[in-house]
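Colleague: coordinates only, sequence not included:
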């Protein structure tokens, strides 16, 4: 049986009313699969939207209620964190772009529904990074990953600073200056992205915030999906993408702009894969002319078949009931591919060697004078 | 159907293969284990618990099994997992049943945000409940076990479940856990109770479990209204004494024992404040169980007379 048939979360996401006919045992499995994929909250939101609560066992209704509480707490926490970040960076008058979950919450997008948040991700111009980092540190955020190797990995090669943690609130903040690593096969111009950002109204709660233009938000979600090195949140990430596409795609001009922007940013391959994943897993409606336009942007047929077979396994609930013998191989393949996309081969080989033998931990950066 | 309707060998076979589904009040667990000590513990302590069908909905799927590897041949260990997640490191295999109990407690405190879960004992008499929040080592378990066998209905010896919609406490019928000296004390106090063999050298010392009295299960669906909030403290040689506790102190102590207070935020503050407002709040020191029982009997009697 193909995984998607065993994956009740996917079936529930695709067609919530189908749950009306499910047995207690199916709901038992659904609970466990949804818990493992961090989608209990999203499931709860769908149940409420479609008025399906009465069809569920009371125990499951209880767990969905419990997940809702946790989500509400996380959402409030994100709002507060964004407020703190905005306040710390306000004097710099720097474009402050919210990414991913924080963007969905502050912009009030459907993709924020039922989503659990942990870190806040922001993007600022690379040239302003030193001031941004200093201001954040003055406001109480501390850098992590202090080994000299890790610092270099992030600062020279990746598109983000090492994650910062606030010293009293213990919240995590990722400061990006791009959406793909500097060393990546698909370098993406941050200048172009910044030129398209959309300011959020001050009524969102914190002044001075922006988010990506819809097409860029979608493309970023696709890049994030494809550069993922682990897939515990794979299904959740493709669910986010599905919600973004359905929301923005309701407007007819969105689709041609999406195709155009992908070409402009050099993200044709990402768009091809991203649309395929969303349609394959969650039946996201994609207009025929768009499918036509991106059909030529995929890889050659043999790698394509392999990659697609791997995606089918990775974009499922990470649960033993869904996995099969091919799953570990598929995940490994996609992880290697993500590494490959992030870094040129020699650099990658060196990086993996160092990480495997933990050589980066031997010489911590000297933070204080001798 | 209850667990004791199944012969031991059948139970062992079922637990080794798909597991058995057992209801414990508002939640049900599917329990799987190939470890004999665990099967024996379930057979003894969950004898009166409802046994659900294999096609029933359950809240957690838990396993206590030896981890994979060569160690199974010398110094065998057991590992607890809930649906593939392993929250604890392995323990020696004679600690299998305590590990199951600790694991089920973990499930309640980490995976049940539909309730405010509080590290406290809860008992009820004539419809009114006493809540005994306390850190380990305060003598709460000994006191709770004694009360359970002297006319108070046990809701839980370890985990109070506060239902946010109603402000009531829900029962969680599970074995009572005792450690170290309290094992002998309660054995003397309630010799008729069903004790498991003690398990030594655990992280908490010597541990054993006691099957809860019959009314714990008979009233597994009856919620209780909190009436007294008492912070117990065993002090050797002290007389049994209730000391009125300022509500603010009781409130802070209660928050300190609430596992998922951070999930509830502002609403958690209001729920716990309402609970404290509705209760008479005391500190309680004791050393002799008979004296302690008399104090609690008096509390109950006074409430019955005066309301």
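Modeller: Cool, got the structure. Since the structure is predicted, the reported quantities are computational estimates derived from the model, not experimental observations. Numbers count the residues shown, from 1 in each chain, chains lettered A, B, ... in the order given.
Colleague: List the contacts of residue 206.
Modeller: Using chain A. Applying Cβ atoms under 8 Å, 6 or more residues apart in numbering or on different chains, we find residue A:206 in contact with A:79, A:82, A:83, A:86, A:87, A:106. Backbone N, C-alpha and C define where each C-beta goes, glycine included.
Colleague: You answered for a different chain; I wanted chain B.
Modeller: Shown in contact with residue B:206 (Cβ under 8 Å, 6+ apart): B:179, B:180, B:183, B:198, B:199, B:200.
Colleague: which ones are touching the closest residue to chain B within the stretch 1-150 of chain A?
Modeller: Closest residue of the stretch 1-150 of chain A to chain B, Cβ to the nearest Cβ: residue A:66 (3.5 Å). Each residue near residue A:66 by Cβ under 8 Å, 6+ apart is listed here: B:111, B:112, B:113, B:114, B:115.
Colleague: for residue A:23, same thing?
Modeller: residue B:55.
Colleague: Find me the pLDDT at it, would you?
Modeller: pLDDT recorded at residue A:23 is 96.
Colleague: Please apply the same query to the one 5 residues further on.
Modeller: Each residue has a pLDDT score; the one for residue A:28 is 96.
Colleague: what does the host helix or strand of it rub up against?
Modeller: In this structure, residue A:28 is located in helix A:24-36 according to DSSP states H and E. Applying Cβ under 8 Å, 6+ apart, the contact partners of helix A:24-36 are A:7-9, A:12, A:19, A:22, A:40, A:43, A:56-57, A:59-60, A:63, A:317-319, A:321-322, B:30, B:55-59, B:61, B:83-84, B:111.
Colleague: Please compute how far that helix lies from its chain's middle.
Modeller: For helix A:24-36, the gap between its own C-alpha mean and the chain's C-alpha mean amounts to 24 Å (Cα atoms, centre = their mean, to the nearest Å).
Colleague: buried stuff in it?
Modeller: For helix A:24-36, the neighbour count (16 or more other Cβ atoms under 10 Å in any protein chain shown) marks A:24, A:26, A:27, A:28, A:29, A:30, A:31, A:32, A:33, A:34, A:35, A:36 as buried.
Colleague: can I get the residues you listed in TSV with distance to residue B:131?
Modeller: Formatted as TSV, the buried residues of helix A:24-36 follow (distance: Cβ to Cβ, whole Å):
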residue	distance to residue B:131
A:24	33
A:26	38
A:27	33
A:28	32
A:29	36
A:30	34
A:31	29
A:32	32
A:33	36
A:34	33
A:35	29
A:36	34
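Colleague: what about the strands in the stretch 201-307 of chain B?
Modeller: B:205-210, B:225-234, B:241-244, B:280-286 (DSSP state E, counting those that start in this stretch).
Colleague: List just the one of those strands that sits closest to residue A:189.
Modeller: strand B:225-234 (61.4 Å; Cβ to Cβ).
Colleague: Now the buried members of the contacts of helix A:24-36.
Modeller: For the contacts of helix A:24-36, a burial check counting by 16+ other Cβ under 10 Å picks out A:7-9, A:12, A:19, A:22, A:40, A:43, A:56-57, A:59-60, A:63, A:317-319, A:321-322, B:30, B:56-59, B:61, B:83, B:111.
Colleague: Mind checking which of these land in strands?
Modeller: B:30, B:61 (DSSP state E).
Colleague: Okay, helices next: where are they in the stretch 101-250 of chain A?
Modeller: A:129-138, A:148-152, A:190-195, A:214-227, A:234-248 (DSSP state H, counting those that start in this stretch).
Colleague: hmm, I was thinking of the stretch 1-150 of chain B
Modeller: Under DSSP H, counting those that start in this stretch, the stretch 1-150 of chain B gives helices at B:8-16, B:36-45, B:96-110, B:140-148.
Colleague: Now do the top helix by length along chain A against helix A:24-36, angle only.
Modeller: Criterion DSSP state H: the longest helix present in chain A is helix A:58-89. Using axes from the mean of the first three to the mean of the last three Cα atoms, to 10 degrees, one finds that helix A:58-89 and helix A:24-36 are set 20 degrees apart in direction.
Colleague: helix or strand right after helix A:58-89?
Modeller: With DSSP H and E, the next secondary element past helix A:58-89 is strand A:96-99.
Colleague: thinking again about what came up before, any quick ChimeraX command for the buried ones out of the contacts of residue A:206?
Modeller: Per 16+ other Cβ under 10 Å, the buried members of the contacts of residue A:206 correspond to this ChimeraX selection:
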select /A:79,82,86,106
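Colleague: hmm, back to that, need the helices of the stretch 101-250 of chain A in JSON lines with mean pLDDT, can you?
Modeller: JSON lines is the format used below for those (pLDDT from 0 to 100):
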{"stretch": "helix A:129-138", "mean pLDDT": "94"}
{"stretch": "helix A:148-152", "mean pLDDT": "77"}
{"stretch": "helix A:190-195", "mean pLDDT": "93"}
{"stretch": "helix A:214-227", "mean pLDDT": "92"}
{"stretch": "helix A:234-248", "mean pLDDT": "94"}
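Colleague: which stretches of the chain have low pLDDT?
Modeller: I went with chain A, as the question did not name one. A:1-2, A:182-183, A:359-370 (pLDDT under 70).
Colleague: hmm, I had chain B in mind actually
Modeller: Ranges of chain B meeting pLDDT under 70: B:70-73, B:307.
Colleague: need the residues of it near chain A, please.
Modeller: B:26-28, B:30, B:55-59, B:61, B:83-84, B:111-115, B:262-265 (Cβ under 8 Å from any Cβ of the partner chain).
Colleague: which of the helices of the stretch 1-150 of chain B sits most buried?
Modeller: Most buried of the helices of the stretch 1-150 of chain B by mean neighbour count (mean count of other Cβ atoms under 10 Å in any protein chain shown) is helix B:140-148; its value is a mean of 25.
Colleague: just so I know, which of the helices of the stretch 101-250 of chain A lies nearest residue A:303?
Modeller: Of all the helices of the stretch 101-250 of chain A, helix A:214-227 sits nearest to residue A:303, with 13.6 Å by Cβ to Cβ.
Colleague: any idea how far stretch B:253-271 is from the chain center?
Modeller: The chain centre lies 19 Å from the centre of stretch B:253-271; the measure is Cα atoms, centre = their mean.
Colleague: go on, stretch A:5-17?
Modeller: With Cα atoms, centre = their mean, you get 21 Å for stretch A:5-17.
Colleague: before we move on, back to that, can you tell which of the helices of the stretch 101-250 of chain A is closest to chain B?
Modeller: Closest of those to chain B is helix A:234-248, at 15.6 Å (criterion: Cβ to the nearest Cβ).
Colleague: so after the closest one, what's the next helix or strand?
Modeller: Sequence-wise, the next helix or strand downstream of helix A:234-248 (DSSP H and E) is helix A:254-265.
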